[in-house]
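Enquirer: no sequence for this one, just the structure:
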Ligand code: XIL
């Protein structure tokens, strides 16, 4: 029988999964969460797009369902995410920009109020918050993502966000979170973002690595390097969104590359081979995570293969990137993780 992951990795890190109300109420996913999860991240319902109805008006219902389920089953909750360029409702940025100083003051007030209220609402129920998600540029030419937040505030919006979160809850761990931290170029920019915050005395406890990776990239050594560089700054590591895609760089798929759009055919020999490679990749990654004391939480972005954002992002195609199959049974990847030899 399959060992409970949360027990298997006890003393190493919290074993996390994402869940929204629909997955909590889906029988196979619910059973997996109750048996294996030490941590739950809401996939979408704690984002501003869901919670921030309008200024001062909040939709906490779906997030509260996730938190209540977690508490009833003794599972910790990871908050995701207070500020994300991709999930900021338009009302945050509404207003007259002819006087930028005045406009900035208004938007700053909205941001501070939002963070204060949301962090306060979940105070004592959440062990870590992703305060700012994906602030780093993908281009070598700039350090920061050129988001609307950045365009209005330059990088000071990070300071505003982290300080407001700390003021609202002195005990919750505050995280920055980003993807492709295994890539040396992206990572160097991410480390600049982080060091700049530290230099300014901004309260930050830890660094999130999304690790949306593939069966063949990156190597365990590249991933370990990302963890080591964070340790060198005295910060905690969380693996926040791990999944191991059948396909390499999604960027190439935006161009509707042949083969990429079609994807692998269900039941084909190629799928069998890929699942085997995936299992080895999962084992290599968990070996690294378990070997580094700085890694305190490892979350896979989903529960089972019946629901994964990667089956539609960036194109619709077969993708089975998680530890449990579409029926909720442990996959080769699961067995590889609990048999790390
Ligand atoms: C994704 C969800 O999985 C999707 O359901 C949603 O449509 C878009 O967001 N990086 C993040 C996550 O930080 O919040 C994203 O989640 C995946 C990429």
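Expert: Good, I have the coordinates. Computed from a predicted structure; not experimentally measured.

Enquirer: Give the next helix or strand downstream of the helix or strand containing residue 281.
Expert: In this structure, residue 281 sits in helix 269-291 according to DSSP states H and E. Sequence-wise, the next helix or strand downstream of helix 269-291 (DSSP H and E) is strand 295-300.

Enquirer: which residues touch the helix or strand just after that following strand?
Expert: Later in the chain than strand 295-300, the nearest helix or strand by DSSP H and E is helix 332-337. With Cβ atoms under 8 Å, 6 or more residues apart in numbering as the test, helix 332-337 has contacts from 2, 5, 244, 275-276, 278-280, 282-283, 286, 322-324. Glycine gets a C-beta too; all of them are placed from N, C-alpha and C.

Enquirer: related to what we said a few turns ago, what's the angle between the helix holding residue 281 and strand 295-300?
Expert: Angle, helix 269-291 to strand 295-300, by axes from the mean of the first three to the mean of the last three Cα atoms, to 10 degrees: 160 degrees.

Enquirer: packing partners for helix 269-291?
Expert: strand 212-214, helix 220-231, strand 236-245, strand 295-300, helix 332-337 (3 or more Cβ pairs under 8 Å, 6 or more residues apart in numbering; DSSP states H and E).

Enquirer: how does it look with 7 Å?
Expert: The contact analysis (3 or more Cβ pairs under 7 Å, 6 or more residues apart in numbering; DSSP states H and E) places helix 269-291 against helix 220-231, strand 236-245, helix 332-337.

Enquirer: in the last one, what counts as buried?
Expert: If I follow you right, that is helix 332-337. Residues of helix 332-337 classed as buried by neighbour count (16 or more other Cβ atoms under 10 Å): 332-334, 336-337.

Enquirer: can you give me the helices for the chain?
Expert: Applying DSSP state H to the chain gives helices spanning 5-8, 21-24, 27-36, 48-51, 61-72, 100-121, 148-153, 156-168, 184-199, 220-231, 269-291, 332-337.

Enquirer: Show the contacting residues for residue 239.
Expert: Applying Cβ atoms under 7 Å, 6 or more residues apart in numbering, we find residue 239 in contact with 209, 211, 289, 295, 297-299.

Enquirer: for residue 262, same thing?
Expert: residue 317.

Enquirer: For the chain, what lies in contact range of the ligand?
Expert: Within the chain, the positions near the ligand by Cβ under 6 Å from any ligand atom are 43-44, 133, 210, 241, 309.
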